[in-house]
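J.: Let me see the structure of the following:
(chains A, B, C and D)
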4 protein chains.
Amino acid sequence: METRRKIINDPVYGFITIRHGFILELIDHPWFQRLRRIAQLGLSHLVYPGALHNRFQHAIGAMHLMQNAVDELRHKNHDITPEEEVSLLSAVLLHDIGHGPFSHALEFSIANEMHHEQISSLMMQQLNADLGGRLTMAIDIFNNRYKKKYFHQLVSSQLDMDRLDYLARDSFFSGVVEGQVGSERILKMLDVKNDQLVVEEKGIYSIEKFIVARRFMYWQVYLHKTVLSAEYMLVNALKRAKQLANEGKEMFCSPALHFFLYNNISASDFARDRNSLEQYAQLDDFDIAGALKVWQSHDDRVLSMLSAKIMKRELFKIELQKDQIDHDFIAKQVKRIAAQYSLTEEEAGYFVIHTTVDNRAYNSQNDAIKILMKDGSVRDAAEVSDHLNLAALNNVVEKHFVAYMR
Amino acid sequence: METRRKIINDPVYGFITIRHGFILELIDHPWFQRLRRIAQLGLSHLVYPGALHNRFQHAIGAMHLMQNAVDELRHKNHDITPEEEVSLLSAVLLHDIGHGPFSHALEFSIANEMHHEQISSLMMQQLNADLGGRLTMAIDIFNNRYKKKYFHQLVSSQLDMDRLDYLARDSFFSGVVEGQVGSERILKMLDVKNDQLVVEEKGIYSIEKFIVARRFMYWQVYLHKTVLSAEYMLVNALKRAKQLANEGKEMFCSPALHFFLYNNISASDFARDRNSLEQYAQLDDFDIAGALKVWQSHDDRVLSMLSAKIMKRELFKIELQKDQIDHDFIAKQVKRIAAQYSLTEEEAGYFVIHTTVDNRAYNSQNDAIKILMKDGSVRDAAEVSDHLNLAALNNVVEKHFVAYMR
Amino acid sequence: METRRKIINDPVYGFITIRHGFILELIDHPWFQRLRRIAQLGLSHLVYPGALHNRFQHAIGAMHLMQNAVDELRHKNHDITPEEEVSLLSAVLLHDIGHGPFSHALEFSIANEMHHEQISSLMMQQLNADLGGRLTMAIDIFNNRYKKKYFHQLVSSQLDMDRLDYLARDSFFSGVVEGQVGSERILKMLDVKNDQLVVEEKGIYSIEKFIVARRFMYWQVYLHKTVLSAEYMLVNALKRAKQLANEGKEMFCSPALHFFLYNNISASDFARDRNSLEQYAQLDDFDIAGALKVWQSHDDRVLSMLSAKIMKRELFKIELQKDQIDHDFIAKQVKRIAAQYSLTEEEAGYFVIHTTVDNRAYNSQNDAIKILMKDGSVRDAAEVSDHLNLAALNNVVEKHFVAYMR
Amino acid sequence: METRRKIINDPVYGFITIRHGFILELIDHPWFQRLRRIAQLGLSHLVYPGALHNRFQHAIGAMHLMQNAVDELRHKNHDITPEEEVSLLSAVLLHDIGHGPFSHALEFSIANEMHHEQISSLMMQQLNADLGGRLTMAIDIFNNRYKKKYFHQLVSSQLDMDRLDYLARDSFFSGVVEGQVGSERILKMLDVKNDQLVVEEKGIYSIEKFIVARRFMYWQVYLHKTVLSAEYMLVNALKRAKQLANEGKEMFCSPALHFFLYNNISASDFARDRNSLEQYAQLDDFDIAGALKVWQSHDDRVLSMLSAKIMKRELFKIELQKDQIDHDFIAKQVKRIAAQYSLTEEEAGYFVIHTTVDNRAYNSQNDAIKILMKDGSVRDAAEVSDHLNLAALNNVVEKHFVAYMR
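T.: Residues are numbered from 1 along each chain as shown, chains lettered A, B, ... in the order given. Have a look, this model is predicted:
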């Protein structure tokens, strides 16, 4: 994808055409190029070897769907100015710009006060300043301050271009065909009524299918228990590293990772200090995985054991269940590991993980998918669907898990 | 892919079933797991963003095709014992075990005496020793010392499982559909005659198609000029790093990369010294890309400029042409760059690259594809094909290029 | 597909390999070749132009899945003899042999006492006699009289090879990607426990997906209201033709269609009289559509108007709703049409259709899909699935429709 | 596809959107609906069971590609008025309107003076008269009388929308993936220079691929020897029927087929007499196949044997070779068949077929594919391609065949 090149090969959609010079400028920006080094699905490739796609691709794919949505809505006589078009494209392109490597892992360990949404917002503001204000409308759309409210829904809602792309893309690269979403059909059914994004009535089956596919991906991929095990092992390795850093211990790490391990950077630091943001913009999967590889031979046994087990894919045994995890069981595992590996119980605690994950396939309280009925009325998809139990999908499904070293 | 799990989701083939415990053992070995961190197509993802697949996937895919080939040949009443089957699968699984990160880059810079084939061979021997000799037959097949000569052809020839997989996989992930190969049809047409792998006569069109697809992939992907530019920039960055290391300059690098930058390891060192092999087995894309990222701010301007340009995707302008590159032109560019960036001419030389690439779509001298005619005779595919000019494809096509910083 | 050719190109699965000479013999039989002239989805191509696939393809596709299921079950150490294998393949190959053209149309009009299942059974018996008893075991499996009860489930149950193929195939050719079924994954999960077909627990998401896809296809394709309109118009055209035949009126028709229009053939005639069966074996889509085309200019206005409207695709307006159709509305339409087109009310009745269609996505009473839990127990899929409301899918969804000429 | 519906599901392209009411009117016309009953590939489904797609689908697919081409060219700042757009769409939609059933079969037997191109032209003129002249510009484009010459090239040239669609579609439905064409990439590369359709230089590999794919389809599908055998058997059956009709013998046939069998209709009759055209517009695959089925029991043994062999798929043995067929061999076969089946030699002649088929993959004399070089010059693709031997593909490849009853 050279600067002047406007067509990108994409295995999911075939070809993606970029029509606007400004969009090409954004893509060429080093902060956006950084997304090339952040895997979309973190460690999922340990279970689905094909799932190596990155956030760079995903952002471009979402932008492509946005372009199609704009074309479709114009065909339906909704007026979208060229400036609005570019802003919609920019907004979706940058929606994940602040994502860190293995984002949940980072958020839960070395930088637990930062959420990637906040950082995305800060980075967009900085970019906007650098670009002479050309992102102002995109930022307004992103923050739902733009007058046309449905623009924000295209960027962020239950049926936004982000989700349509990531479901399609994650399904494609993981090889889990059951997660495929007919995004083309859904886009053809999009319309706007009272400044609200709606789906034509005859699209109700596609919406049902979309929701089922999403649920499928959640339990089969995003919350796959082996993936969870690996990700929480990584969280614990980083927590341990952070603790060792606080104690002044030395560890191999890149300058950017060093900055975040050996300093305690808070959200307010980010807002105040451009250097924090610059350091963050240097941080990607290579810093984390590169360090982990070296940490396998660190003196600290907790750090080295955790690192080695991740690198060699000797993952913790994990139970995922509907019932709460029994605390006695956890305590027993900690004791066993302490004894078996000659660790203190505090150290052994790093090798037993328990937490709760949940998923709600559909959320009618918050930003329900709206159906435009043939009679012109607008109804919630969950009401319209008389076949599938969307109401049941509305429930939050919680699962508890415990993972431990054998 | 857990140890006991036998089915792997693969976006290219759907499902891959692993039937043998020994194969699972090999896959779990850290040396094989290392292939997860080596991209199949190096820096090609800078042009084809989807092309992030790794050598791990490819090796498993090639093994899957081998399993299908074994099944097919047994249906045609060729006797293959269970031990032979496992050895064929092992041989193809391990055929690339010695691949380094950005392999050509490494071979041309910090380790120019090592070829990955030799290292693969050394690593297999070491693995065999560790596994109590269970790889002996696989190694014999790999080295073409096994009595059934066609086994080696399945592992390494113009129509081996390696090629069938990499063409299919590279085409799939790059999104270049024109490179798709009907490997399923080809496998159905495989047969053995006089201990030689042959293709049934009616498969001649598929063979033609395979050769054309391969040529397409060469010029469109493997030798894409932007990819070449990036790869040779990386070669030069590593050469510069090696030079600085020889001069005793310090650079950020992982221990494994440090080992190879600051020592001059030769092929004989590898054969003699297990440590070299162990260090090598630690080296992957993360060491190289992780270093490059940090080198962007190194004191040495050649190193920092090359690193920054790769990371920011500001690639050299490149001309790819049939004629030899004019040496005056090269000299002029070096002078211009020296002046423009206040570098010595020796330093400026790192920013001008010229070399020659070639491709021969088909090679009838060496291991031609054999067609089994209906009358029982065996002929070279280039003779049988009366439509496509296979003879022309037999020619080596050479292209010369010059790439330089603007 | 010549007699000795064993590989068939299939757009859905790629290649289908036929390994048994006996299966090739069956496929070559004129009764099986007749299925080439019977569209799988009747008039659905009027809505989905790609849906032109026939019962011939479908039967071969189902046989291919059966072959894969046999291979899979053998890998799981279930013993299946070569004779059993061929019988399973034959049973599924012939399961639809008795299907007539536009089957529902025929069953509801000129031959309303014949069900295609009965005719399939009679035709298999006749074939068995012709083939010297080589179909005896296949017929036993088909009729659930074979000792291994799970064989019948492979041929006919909620998760049989027939359904897996037709969902995949109908989805493929109609272009309704939402109906795609991961049949490959499901086959990999098949097992047998206590002589009962079961699916491994980890396959529960695939089963959910299968059931949702099936429901999708029902409402989007099989019961698409435009398709229903066309099919019931055809029923009425044939009913009218039958009535005219009973009155001794002449109509253009092929000899086979003449036989069934001008005679009243009952199920017992079929059993008694080989000629009825032979005539039936001559009847296919070409007889019906060929007649309809000519009937456009028949003297009888009811017949000619119905025929012309089908041929020109001027289909009745149709309402599909949850509530019963109001009888006054129907009566009013009949009166309007009688007046508008100068017909008697009896004649006008042919231009107003009302009936009820239903679909139950899953049926746990009758032959539920069984899940083999990790603890070895066997449970109903509807119980195991805690996410999707399979219980709700268990309900019969009824819709009423009225269709009428404008 | 209802009148008001604008989106058609197509398995090849996903969705096809029809944006113009006039195009919907054309599609609804009975003459266009007739194309639903004409298979695109005649009897090829006897070899490729999936190849049942019809000319209706194909015409709509070609129109879809035309719409994409128009969009693409407008993006490249070529001015195309709305009226021109509709005319381009109409021209390609109607380009095959005059195709008869099993077209070659008909042209060679009962109606050997009619070519489908002439009839298409006559039908378009008639439609234009009926539609108040709204097709005038479309007809001018079709006949290459429109001022913008490249419009005609979009409809009819070596790289027209017709070919792009039929290769994609025939490959898709036959399951011969090797024939797939990257039409999306080619469309992106289209441009216009000096009122001439050109392909951008970087598209040269796609053009090579397109030409190779086309050759592949010719030899693997269109000129597949079993398909040839079936088609020429059909020609002979129809020739025999024509002869019997000339002798006043009675045969079962539909009124439309009767008209052409029992009258000798010439091209001038078509131009003069609307009835001939109306009769022709009634003729489709159902007339031919419906008659053949009944002719299996006709008194004339030549007609009944030919018909039965086609219906039962007992096809003639066929040899396809580079050398001329030996006349002695033919004479010997005729004698053998006469003796074996108690026929006269004249009758036996119907059971021996010999003819010549040819294919030229590329034709640089006539309407070469033009490449727009980066320097702005325009060159013939055969010159530009230095890798593939396009020159060789330029040769007409002739094959001779003889087919005979065993």
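
J.: any idea which helix or strand carries the closest residue to chain D within the stretch 151-300 of chain A?
T.: Per Cβ to the nearest Cβ, A:E184 is where the stretch 151-300 of chain A lies closest to chain D, at 5.2 Å. (Glycine included, C-beta is placed from N, CA and C.) Assigned by DSSP states H and E, A:E184 belongs to helix A:183-189.

J.: in chain A, what secondary structure element scores lowest on mean pLDDT?
T.: helix A:390-393 (a mean of 64; mean pLDDT, DSSP states H and E).

J.: For whichever helix or strand comes after that one, which strands pair with it and how are they oriented?
T.: Next helix or strand after helix A:390-393 toward the C-terminus (DSSP H and E): strand A:397-404. Strand pairing for strand A:397-404, determined by DSSP bridges: strand A:317-321 (antiparallel), strand A:352-359 (antiparallel).

J.: Tell me if I am right that A:L197 is in a helix.
T.: No - going by DSSP: H, G, I helix; E, B strand; the rest coil, the assignment for A:L197 is strand, not a helix.

J.: Neighbours of it, how many?
T.: Residues contacting A:L197 under the criterion other Cβ atoms under 10 Å in any protein chain shown number 24.

J.: again, but for A:N194
T.: A:N194, neighbours per other Cβ under 10 Å, totals 10.

J.: residues contacting the nearest residue to it once chain neighbours are set aside?
T.: Among residues not flanking A:N194 along the chain, A:V378 sits closest, at 7.2 Å (Cβ to Cβ, 6 or more residues apart in numbering or on different chains). The contact partners of A:V378, taken as Cβ atoms under 8 Å, 6 or more residues apart in numbering or on different chains, are A:K193, A:N194, A:Q196, A:V198, A:K370, A:I371, A:L372.

J.: cutoff 7 Å now
T.: A:V378 makes contacts with A:K193, A:Q196, A:V198, A:K370, A:I371, A:L372, as judged by Cβ atoms under 7 Å, 6 or more residues apart in numbering or on different chains.

J.: same question, A:R34
T.: Shown in contact with A:R34 (Cβ under 7 Å, 6+ apart): A:A281, A:D284.

J.: Next: A:I8.
T.: A:I8 makes contact with A:M1, A:I16, A:I18, A:I60, B:P49 under the criterion Cβ under 7 Å, 6+ apart.

J.: Double-check A:Y150 against A:Q196; I have them as touching.
T.: Yes - the criterion here is Cβ atoms under 7 Å, and A:Y150 meets it with A:Q196 at 5.8 Å.

J.: who has more neighbours, the two?
T.: Shown here are A:Y150 and A:Q196; by other Cβ under 10 Å, A:Y150 has more neighbours (19 against 14).

J.: Name the nearest residue to the more buried one, sequence neighbours excluded.
T.: Setting aside the residues directly before and after it, A:Y150 is nearest to A:L197 in space (Cβ to Cβ, 6+ apart), at 4.6 Å.

J.: what's the answer for A:D358, then?
T.: Residue nearest to A:D358 in three dimensions, not counting chain neighbours: A:E398, with 4.4 Å by Cβ to Cβ, 6+ apart.

J.: What number of neighbouring residues does that neighbour come out with?
T.: For A:E398, using other Cβ under 10 Å, the count is 12.

J.: try A:A267
T.: By the criterion of other Cβ under 10 Å, A:A267 has 15 neighbours.

J.: Likewise for A:R272?
T.: 11.

J.: Now the phi/psi pair for it, please.
T.: Dihedral pair for A:R272: phi -80, psi -40, per degrees, to the nearest 10.

J.: State the distance from it to B:K149.
T.: Distance, A:R272 to B:K149, by Cβ to Cβ, to the nearest Å: 71 Å.

J.: related to what we said a few turns ago, mark which of the contacts of A:I8 are part of strands, please.
T.: When DSSP state E is applied, those are split such that A:I16 fall in strands.

J.: What subset of the contacts of A:I8 is buried?
T.: Neighbour counting over the contacts of A:I8 (16 or more other Cβ atoms under 10 Å in any protein chain shown) leaves A:M1, A:I16, A:I18, A:I60, B:P49 as the buried ones.

J.: Tell me where the model's unsure across the stretch 201-350 of chain A.
T.: For the stretch 201-350 of chain A, no stretch has pLDDT under 70.

J.: Can you tell me which residues in it are near chain B?
T.: A:T226, A:S254, A:P255, A:Q282, A:F286, A:D287, A:A289, A:G290, A:K293, A:V294, A:K312, A:R313 (Cβ under 7 Å from any Cβ of the partner chain).

J.: Narrow these to those that are buried.
T.: Buried among these (16+ other Cβ under 10 Å): A:T226, A:S254, A:Q282, A:F286, A:D287, A:A289, A:G290, A:K293, A:V294, A:R313.

J.: Identify the residue spatially nearest to the third one, adjacent ones excluded.
T.: The spatial neighbour of A:Q282 that comes closest, neighbours along the chain excluded (Cβ to Cβ, 6+ apart), is A:A256 at 3.8 Å.

J.: what's the helix or strand for the one you found?
T.: Counting by DSSP H and E, the element that carries A:A256 is helix A:255-262.

J.: Quick one: list the elements packing against that helix.
T.: Contacts defined by 3 or more Cβ pairs under 7 Å, 6 or more residues apart in numbering or on different chains; DSSP states H and E place helix A:255-262 against helix A:225-246, helix A:285-295.

J.: ranking the ones you listed by burial, who's on top?
T.: For those, the largest average neighbour count (mean count of other Cβ atoms under 10 Å in any protein chain shown) is found in helix A:285-295, namely a mean of 24.

J.: what is the mean pLDDT for the helix or strand encompassing A:N9?
T.: In this assignment (DSSP H and E), A:N9 forms part of strand A:7-10. For strand A:7-10, the mean per-residue pLDDT is 91.

J.: list the buried ones in that strand?
T.: A:I8, A:N9, A:D10.

J.: Report the distance from it to the chain centre.
T.: Mean-position distance between strand A:7-10 and its chain equals 23 Å (Cα atoms, centre = their mean, to the nearest Å).

J.: for stretch A:234-251, same thing?
T.: Per Cα atoms, centre = their mean, the centroid offset for stretch A:234-251 relative to its chain is 25 Å.

J.: Would you mind listing the outside residues contacting that stretch?
T.: So stretch A:234-251 is contacted by A:43, A:102, A:105, A:108-110, A:261-262, A:292, A:295, A:298, A:300, A:302-303, A:306-307, A:310, A:350, A:353 (Cβ under 7 Å, 6+ apart).

J.: try it again with 8 Å
T.: A:43, A:102, A:104-106, A:108-110, A:253, A:261-262, A:288, A:291-292, A:295, A:298, A:300, A:302-303, A:306-307, A:310, A:350-351, A:353.

J.: Give the buried subset of the residues you listed as a PyMOL selection command.
T.: Buried residues within these, by 16+ other Cβ under 10 Å, are selected in PyMOL with:
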select buried, chain A and resi 43+102+105+106+108+109+110+253+261+288+291+292+295+298+300+302+303+306+307+310+350+351+353
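
J.: Could you pick out which of the contacts of stretch A:234-251 are located in helices?
T.: Among those, DSSP state H puts A:104-106, A:108, A:261-262, A:288, A:291-292, A:295, A:302-303, A:306-307, A:310 in helices.

J.: A:K249 and chain B, how far apart?
T.: Separation of A:K249 from chain B (Cβ to the nearest Cβ, to the nearest Å) stands at 17 Å.

J.: Would you confirm that that residue belongs to a strand?
T.: No - applying three-state DSSP, one finds A:K249 to be coil, outside a strand.

J.: hmm, back to that, the residue nearest to A:D358 contacts A:I325, correct?
T.: No - using Cβ atoms under 8 Å, A:E398 makes no contact with A:I325, being 11.9 Å away.
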